[in-house]
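Colleague: Give the three-dimensional model of this entry:
(chains A and B)
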Amino acid sequence: MNEAWHPKNDGEEVVLSPIHAITNSDLWLWSILAAILLAGIVSWGIQFFVTGLAATGLNRPVYWGLYITNFVFFIGLAHSGTFISAILRLAGQGWRKPLTRAAEAITLFSLPFGVTSILIDMGRPDRALNIFIYGRFQSPLLWDITAVSLYLFSSVVFFYLSLIPDIALCRDRLTEVPAWQHRMYEILALGWTGKNSQFERLEKGLDGMAIFMTMLVITVHTVVSWVFGMTIQPGWHTALIGPFFLLGAIFSGTSAVVIVLAILRKTYHMENVLPISLFNSLRKLLITFTLGWLYMMIAENLTTSYGNLQEEMRVLGQKTGGDFAIMFWAMWILVFFVPLLIFIFKGKDSIPWMVGATVMVNIGMWMERFLVIVPTETRPRLLYELTKGVYHPTLIEWVITASLFSGLILLYAMFTRFFPIIPLWETADSLEAGENEQPSRGFHRHKFGETVATLKGK
Amino acid sequence: MSKWSMVIDLDKCVACQACSIACRFENNTPVAAPDQAELGRAIRWNDVFPLPVEDEGEYPNAKERYMTRPCMHCENPPCTKVCPVGATYQDEDGIIRQNYARCIGCRLCTVGCPYTVRYFNWSVPDWVSPLTEHLNPDRVEGRGALEGPSIRPRGVVEKCTYCIHRLQKAHAQAEAEGRDFRSDEYVPACVQTCTGKARFFGDLDDPNSTVSQLSQKRRAFRLLEEAGTNPKTIYLQEG
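Modeller: As a prediction, the model looks like this:
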């Protein structure tokens, strides 16, 4: 096969270097993560075959706990990639390019764990197919399944499309990799030759999908929130729950991108490819999101407390001064106060501070998901004195939770050893038309990521 | 077509819990071990419990109030609306039913019910001897359905069905005898057994039925009327 034409990129060597060799520490990390994942699988096996959901701390009226929290959190985390690569693409934010793939990979690998969380939570996962056989579209759960599966499918396509030129690059450059790995690149590259027409079509396709993905990203987490919002339970039944979930999702997703970038930068020595300016751009976004979070929080809780409806106040009371008070105020510190101070005063040009703050945001956002779900259940509308809910998650729930996170990290870590985690073609310095075949009209002036419409206009 | 309804006169209720017991035996409700009951996993389709009373008073003038609670069989049920597979549904007679054979155990209905009258089988249903030998043989099953007193599998939701199997039996009997079914031929087990004769059952669409007339009383009220669920289980206030 003839070599394809590839745009020139100075960072090529750095970006491809992690693929060359899997180190011993990699294997250690992978085996530890795999062991935790295995522990989770065994735990689920016990829950599925032996004990049933009796193994959890769930009860009446706290029917949903850690598993549903994880579901909401993972779907939220998945919003990182689509936000960065679709919304910022449409907004013409060129700085996003080096981090698109790293962000999309979070989407791609956290979505399956969100879906798995639902299966783990089901009393009869063996009957999951009933959803397709007898599915009722009046149920918010079916909206969820439709939205999430469409999101998963589109993310895979979106991710793969932008990966094709780089897979072709791997195919042509990495000739010394094992035969099976090279064969994998050959198949996945789909015969990419780097013709102008191919690039043009790719850009067109990605732009079109970006519009679709932007609509999806807004829909998905709103629909996730509607599983709660469509019921008439106090604390859940509010129109704000959708926007709040969405903002939280993009907030925790973008924070996760900071963490991932910092790790990639350090372990794979990508200081030049992932310049500190990226972190500064993300910092500005994160300041906006932190303040957006405050806005949502005030809007929700002020409405509730000012209205002073009895059953709503019981739920709010559980958060501010009841069983969940410690967690509630810890969440305020972790999501809002400390990160905002760090982002504003310390975050500029400082990756360690940024990582510290974003880790806190993600822990806090997980707590927020928990606090949306559980306190409402502990204070049912009817005779709350008699059916007061208490929930103590059991070991099996924690092990399964830990295994889901390990699984996500494991998939991510392995991916970075087989595929370039920085999109080389999108970050290419220039397209030297002379090396390529006859350039199409105006193509040499085209910068990647701009719409095809402008290209044709020139 | 009927609109089955239950009226409970709280003035007459003596809180003997006979309704709960009758319900358990009629519907083969599994027994929860003490540790499971402690966790809040006991299943009580019909529950009797003390209500909190302000100023309880001292003996011999102590005040106590009790409440008894089956499913509300709402006309606008929040639970059937959210079921993704139609395992819980409102039948043509307005009864909210539950098909154990189809339920996937997602528990969206249990969190959606504002009355928390829906129960989940956290473990395999279990009875102690000699209860095991005396389960109600009545069954509602067939063609992908498993309802009423039929033995449930683990991981599904169950709830009060106004003893749907009794309705079916009454219909079958009328049919066998070649006559029309009369609405007074069927009552749930809790109504039949009620010691204080506090429970009434019948067709709300029939203006002459006891429940219709009682539901017009000034004492009549429904639980959480503000929730807009419009229950067909109606209470008569203590007067």
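
Colleague: Find the nearest non-adjacent residue to the residue in chain B positioned nearest to chain A, please.
Modeller: Closest approach between chain B and chain A, counting by CB to the nearest CB: B:G105, at 1.9 Å. Placement of C-beta: from N, CA and C, glycine included. For B:G105, ignoring the flanking residues on the chain, the nearest one in space by CB to CB, 6 or more residues apart in numbering or on different chains is A:G123 at 1.9 Å.

Colleague: Is the one you found in a helix, a strand, or coil?
Modeller: Of the three states, A:G123 takes coil according to DSSP: H, G, I helix; E, B strand; the rest coil.

Colleague: Can you name the residues that contact the residue of chain A found nearest chain B?
Modeller: Among the residues of chain A, A:G123 lies closest to chain B, at 1.9 Å counting by CB to the nearest CB. A:G123 makes contact with A:52-53, B:103-107, B:120-121, B:154-157, according to CB atoms under 8 Å, 6 or more residues apart in numbering or on different chains.

Colleague: How about B:V48?
Modeller: Contacts for B:V48 (CB under 8 Å, 6+ apart) come out as B:A15, B:Q17, B:C19, B:S20, B:Y66, B:M67, B:T68, B:R69.

Colleague: strands paired with the strand or helix carrying it, and their directions?
Modeller: Assigned by DSSP states H and E, B:V48 belongs to strand B:47-51. Using DSSP bridges, strand B:47-51 pairs in its sheet with strand B:65-69 (antiparallel).

Colleague: next one: the strand it pairs with to chain centre, how far?
Modeller: Going by CA atoms, centre = their mean, to the nearest Å, the spacing between the C-alpha centre of strand B:65-69 and its chain's C-alpha centre is 14 Å.

Colleague: Could you do stretch A:396-415 as well?
Modeller: With CA atoms, centre = their mean, you get 14 Å for stretch A:396-415.

Colleague: In three-state terms, label A:I396 for me.
Modeller: For A:I396, the assignment made with three-state DSSP gives helix.

Colleague: for A:G135, same thing?
Modeller: Local secondary structure at A:G135 is given as coil here, using three-state DSSP.

Colleague: per-residue pLDDT, the closest residue in space to it that isn't next to it in sequence?
Modeller: What sits nearest to A:G135 in space, not counting adjacent residues and going by CB to CB, 6+ apart, is A:L142, at 5.2 Å. Looking at A:L142, its pLDDT stands at 94.

Colleague: mind listing the strands for chain B?
Modeller: Under the criterion DSSP state E, chain B contains strands at B:4-9, B:47-51, B:65-69, B:88-90, B:96-98, B:119-120, B:140-142, B:145-147, B:157-158, B:199-203, B:220-221, B:233-236.

Colleague: how about these in TSV, adding mean pLDDT?
Modeller: Putting the strands of chain B into TSV (pLDDT from 0 to 100) gives the following:
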stretch	mean pLDDT
strand B:4-9	96
strand B:47-51	88
strand B:65-69	89
strand B:88-90	96
strand B:96-98	96
strand B:119-120	96
strand B:140-142	87
strand B:145-147	93
strand B:157-158	96
strand B:199-203	95
strand B:220-221	96
strand B:233-236	96
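
Colleague: In TSV, list the ones you listed along with distance to A:R60.
Modeller: Listed next are those as TSV, based on distance: least, CB to CB, whole Å:
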stretch	distance to A:R60
strand B:4-9	22
strand B:47-51	11
strand B:65-69	13
strand B:88-90	16
strand B:96-98	15
strand B:119-120	6
strand B:140-142	24
strand B:145-147	21
strand B:157-158	11
strand B:199-203	24
strand B:220-221	25
strand B:233-236	19
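
Colleague: from what I can see B:R65 touches B:D55, true?
Modeller: No. Shown here, B:R65 and B:D55 do not form a contact pair, counting by CB atoms under 8 Å, at 11.8 Å.

Colleague: Between the two, tell me which one has more neighbours.
Modeller: Counted by other CB atoms under 10 Å in any protein chain shown, B:R65 and B:D55 do not tie: B:R65 has more neighbours, with 13 against 5.

Colleague: so who does that one touch?
Modeller: Contacts for B:R65 (CB under 8 Å, 6+ apart) come out as B:P50, B:L51, B:V53, B:E238.

Colleague: can you tell me which of these lies nearest to A:E3?
Modeller: Among those, B:L51 lies closest to A:E3 (CB to CB), at 81.8 Å.

Colleague: Return the residue spatially closest to the closest one, with its sequence-adjacent residues excluded.
Modeller: B:R65 (4.2 Å).

Colleague: How about the helix or strand harbouring A:T303 and chain B, touching?
Modeller: Using DSSP H and E, the element containing A:T303 is helix A:276-307. No. Helix A:276-307 lies out of reach of chain B by CB under 8 Å from any CB of the partner chain, never closer than 13.7 Å.

Colleague: which of the residues in that helix are buried?
Modeller: A:278-279, A:281-283, A:285-286, A:289-290, A:292-293, A:296-297, A:300, A:304 (16 or more other CB atoms under 10 Å in any protein chain shown).
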